[in-house]
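Q: give me the fold of what follows.
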Amino acid sequence: MQVLPEERELSPRWWKTTLRRFSQSTQIQDPLNPPRLQWKLERMMRVPQQNQDLTLLSLCCQREKTIHPAARWRDEHRHECKPTNVTQEHALRDQSPMMTTINLVRGSVMKIHGLSRAARCLPAEGGVRGLSSSSGPRVCIVGGGPAGFYTAQQLLKARQDAAVDIYERLPVPFGLVRFGVAPDHPEVKNVINTFTQTAQHERCSFHGNVNVGKDVTINELRQAYHAVVLSYGAEGNRSMGIPGEDVPGVFSAKDFVGWYNGLPSNKELHPDLSCETAVILGQGNVALDVARILLAPVEMLKETDITHNALEALAGSKVRRVLIVGRRGPLQIACTIKELREMVNLPNTRADMLPTDFEGIAEALKDLPRPRKRLTELMMKAVKEGGDNKAEKCWGFRFFRSPVEVLAGADGKRATGFRLALNKLEGLGESARAEPTGQLEVVDCGLIISSIGYKSIPIDPAVPFDPRRAIVPNEMGRVQDTAGLYCSGWVKRGPTGVIATTMNDSFDTARALIQDMEAGKLDLSVNKAGAQAITALLQTRGVRTVLFSQWEKINAEEQKRGKSLGKPREKVLDVDEMLKIAWS
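A: Prediction:
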């Protein structure tokens, strides 16, 4: 391949000929979409002059899969990327023909991990984003959890010209998959592999350490993008609304889960586990996760990614009995059979149920839907068998009970009991209502965990918000009365369902957005600056972002620390430490 001296202007005709000859003389393929290689070559003809050498370099490195020793480029240089001269000493270190070509091309070099990484390293000048069309739609997603990544995945798949930027408040991605999924459920966390592929897509970028609503407003994002999708989840807690819920020893399940999963805001929780009995209010999957973690053998937890601090606290725990309280009956319980089976089979524990709670249930079994029937049968089996009488620990459901008051000791420094109202059901099935009978009971306990649900909170005054339902009001993901603004996940429908529910919900929002693009409801004729404009704005405000390659440094460090402890990872708990590792 002939390479012209750097002083001479490289004409579009020269580039067109060079790139086509290069593509014909190699077996290069785009791993994301091979048929689009020719289209990409055509788009390269429109790349600004100063970026053309980097475009060719990305193709060379994709074929060679070589990282040049002189190239120290990272994703953080995306908005400041400029050619770096390569000395003769560095050029001689790699004698492969392809790398020789790379070293000769205008004396420039770049550290590139394949085509997808190269695309993100290209400068944003001239409206260019990697190898995608500068005139394509730019979409901003607020929130780097499951809803955000699933929305991005669907958008990238459906629109080959779309560019997607994900903004996340924390320096680390994956939201509740990282901070909400139980440590002993590693199979659920495997979805992180899919999210990683999305983040590494050539038309997608991740920007952590950005607090939308504080560091940058929604209106500023809307000015920089054709569409903005709110996927920031539900970081608030639903209150029990009873006297004494602020007494020490009372926690929300969200905070307790965040504590053992390494959420930075919960690292100082320090729950007192010196009591014998714990009460969990709520009977969903999160409640069962908390109960299981409280009672599980420490030997089991040692092999998970639970934090070291939590593991030490649980190793010294005196909790031997966990009661899981619900307002209604066994036929309305919110957990799924998988989580219930894990409780039934938990080593060194036995079920402690009240047979009176199950009166009349056997007669109703035949009319139940299959999932509900199997769940109820498993509960009844646990009631009948009771479990190993020699077990040191026990757990059990307590149905038909509502919270009335948290009781504290004489000094008011510690919860000592939970006053509950006994209920009866009015109506049948899922629609049955709990009505108080007037009877009360007190359960002696030193730890109370409220697992009655999360709730979304307003993110910005410019975004409509329904305080009663704690969601952004929307129709099929289209935010009410706000063109170009969308929502997905819990902030769209409320904090319900599993990850698969969020996936389907997010796909629906992405499809609605795409329909609006194709129907001309979004003005795509105007070129938007996207992350280039937002990053520049953040820099003026002293905010530095964490890109996905920088998150990978944190990830590597956590895995390294975990390996020394015989576990998958040991999470970094401090945001400042995360940033130090990311920017090192």
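Q: measure Ile280 to Ser205 for me?
A: Distance, Ile280 to Ser205, by Cβ to Cβ, to the nearest Å: 40 Å. All C-beta atoms are positioned from the backbone trio N, CA, C, and that covers glycine.
Q: between the two, point out the one with more neighbours.
A: Taking neighbours as other Cβ atoms under 10 Å, Ile280 and Ser205 compare with Ile280 leading, 29 against 26.
Q: which ones are touching that one?
A: Neighbouring residues of Ile280 by Cβ atoms under 8 Å, 6 or more residues apart in numbering: Ala253, Ala287, Val290, Ala291, Val322, Leu323, Ile324, Val325, Ile448, Ile449, Ser451.
Q: mind running it again at 6 Å?
A: Neighbouring residues of Ile280 by Cβ atoms under 6 Å, 6 or more residues apart in numbering: Ala287, Val290, Ala291, Ile324, Ile449, Ser451.
Q: quick one: classify it as helix, strand or coil.
A: At Ile280 the chain is in strand, as set by DSSP: H, G, I helix; E, B strand; the rest coil.
Q: what pairs with it across the strands?
A: Assessed by DSSP bridges, Ile280 has beta-bridge partners Ile324, Ile449.
Q: can you get me a residue count around Ser488?
A: Close neighbours of Ser488, defined as other Cβ under 10 Å, add up to 32.
Q: just checking, it touches Ala147?
A: Yes. Between Ser488 and Ala147 there is a contact under Cβ atoms under 6 Å: 4.6 Å.
Q: what sits in contact with each of those two?
A: Listed contacts common to Ser488 and Ala147 are Ser231, Ser506; contacts here mean Cβ under 6 Å, 6+ apart.
Q: what about Lys563, neighbour count?
A: For Lys563, the tally of surrounding residues (other Cβ under 10 Å) stands at 12.
Q: quick check, pLDDT for it.
A: Listed pLDDT for Lys563 reads 96.
Q: give me the helices and strands touching the helix or strand that contains it, please.
A: Assessed by DSSP states H and E, Lys563 sits inside helix 548-565. Contact partners of helix 548-565 among helices and strands, from 3 or more Cβ pairs under 6 Å, 6 or more residues apart in numbering; DSSP states H and E: helix 575-582.
Q: quick one, the helix it packs on and helix 548-565 angle?
A: Helix 575-582 runs at 100 degrees relative to helix 548-565, counting by axes from the mean of the first three to the mean of the last three Cα atoms, to 10 degrees.
Q: give the buried residues for helix 575-582.
A: Val575, Met578, Leu579, Ile581, Ala582 (16 or more other Cβ atoms under 10 Å).
Q: contacts for stretch 159-178 next, please.
A: Outside stretch 159-178, the residues that touch it by Cβ under 6 Å, 6+ apart are 129, 132-133, 136-142, 144-146, 148, 152, 155, 189, 192, 203-212, 233, 531, 546, 551, 578-579, 582.
Q: likewise for stretch 507-523?
A: For stretch 507-523, contacts defined as Cβ under 6 Å, 6+ apart pick out 137, 151, 154-155, 158, 226-227, 476-478, 484, 486, 488.
Q: could you turn the buried ones of those residues into a PyMOL selection?
A: In PyMOL, a selection of the buried entries from the contacts of stretch 507-523 looks like this (16+ other Cβ under 10 Å):
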select buried, resi 137+151+154+155+158+226+227+477+478+484+486+488
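Q: turn the contacts of stretch 507-523 into CSV, including secondary structure and pLDDT.
A: Output for these, formatted as CSV (DSSP: H, G, I helix; E, B strand; the rest coil; pLDDT from 0 to 100):
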residue, secondary structure, pLDDT
Pro137, coil, 96
Thr151, helix, 98
Gln154, helix, 97
Leu155, helix, 98
Ala158, helix, 95
His226, coil, 97
Ala227, strand, 98
Met476, coil, 95
Gly477, coil, 97
Arg478, strand, 97
Gly484, coil, 96
Tyr486, strand, 98
Ser488, coil, 98
